[in-house]
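Just a sequence and a predicted model for now, questions to come.
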Amino acid sequence: MEFSQVVRRRRMTRGFDADRPVPHHILQSALEQATRAPSAGFSQGWDFVVLRGEQTQKFWPATTSEDRPADRWLTGVSAAPCLIVCVSNPDAYLDRYAEPDKGWADRDTQRWPIPYWDVDTGMAALLVLLTATDHDLGGLFFGVPAHAMTEVKEVLKIPQGRRLVGVVALGYPLADRKSPSLRRGRRRLETVAHDGEFGQPWSGG
């Protein structure tokens with residue numbers, strides 16, 4: 001599949017076939033592609049906790065409460081046969097930029113108004129999603145609820161200094177369930193690209 005086709009075909013999948021596991025070679029490829037993401041200072045401050053089959057049931061009880069009814073979203077997404085929990089490591093960046101070629105020896109997080117450990121891990125997650133699309137699999141990136149952060153870390157034995165950037169659900173998609181948010185339409189290029197300065201319409205010329 002051409003790259004432009006992969007980008008255009010990528011969609012967030014919200015319903016998965018629980019009876020069709022993700023083939024190992026596709027999962028291996030997705031993880032390998034994730035390691036090709038860019039990272040500040042080549043810090044590579046990411047980790048991926050991969051949950052397959054019954055292992056996924058360690059995640060869902062930690063993020064949902066018994067009094068929450070299983071709505072359509074939860075029913076569809078929790079059927080995913082594979083979850084990849086994307087974890088960032090701020091210390092990898094603080095350590096890297098304290099090295100002689102960078103020279104920020106104080107490791108001050110105030111030097112990072114944008115948490116690039118999270119940004120770079122998000123880029124890695126996107127490569128997983130694109131790889132899934134290239135292999136005709138569905139993927140969904142979603143966040144861990146704030147109230148569940150600590151419990152998820154404990155259940156998956158993730159060090160407390162790490163950050164849960166999000167989770168990629170992977171699997172074979174069921175019949176396409178389009179998000180109602182898509183009715184808002186995609187912003188046109190000329191409304192998001194600015195020529196030379198903000199507010200100047202992009203002409204493309």
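Arrived safely, thanks for sending.

Identify the residue nearest the residue nearest to the spatial centre of the chain in space, chain neighbours excluded?
In the chain, the centroid-proximal residue (Cα atoms, centre = their mean) is residue 125; its distance is 3.6 Å. Excluding the flanking residues, the one nearest residue 125 by Cβ to Cβ, 6 or more residues apart in numbering is residue 86, at 4.9 Å. C-beta here means a position set from N, CA and C on the backbone, and glycine is covered the same way.

Give the burial count for the one you found, as a bare number.
23 (other Cβ atoms under 10 Å).

Okay, and it sits in which element?
strand 82-88 (DSSP states H and E).

what does residue 25 give?
Residue 25 belongs to helix 24-34, assigned by DSSP H and E.

Go through the top helix by length along the chain and flag the buried ones.
When the chain is parsed with DSSP state H, its longest helix is helix 116-134. For helix 116-134, burial by neighbour count (16 or more other Cβ atoms under 10 Å) applies to 116-118, 120-134.

just the angle between that helix and strand 82-88, please?
160 degrees (axes from the mean of the first three to the mean of the last three Cα atoms, to 10 degrees).

Show me what helix 116-134 is packed up against.
Judged by 3 or more Cβ pairs under 8 Å, 6 or more residues apart in numbering; DSSP states H and E, helix 116-134 is in contact with helix 3-9, helix 24-34, strand 46-52, strand 82-88, helix 90-96, strand 138-142, strand 163-171.

of the ones you listed, which approaches residue 196 most closely?
Distance to residue 196, taken as Cβ to Cβ, is lowest for helix 3-9 among these, at 26.1 Å.
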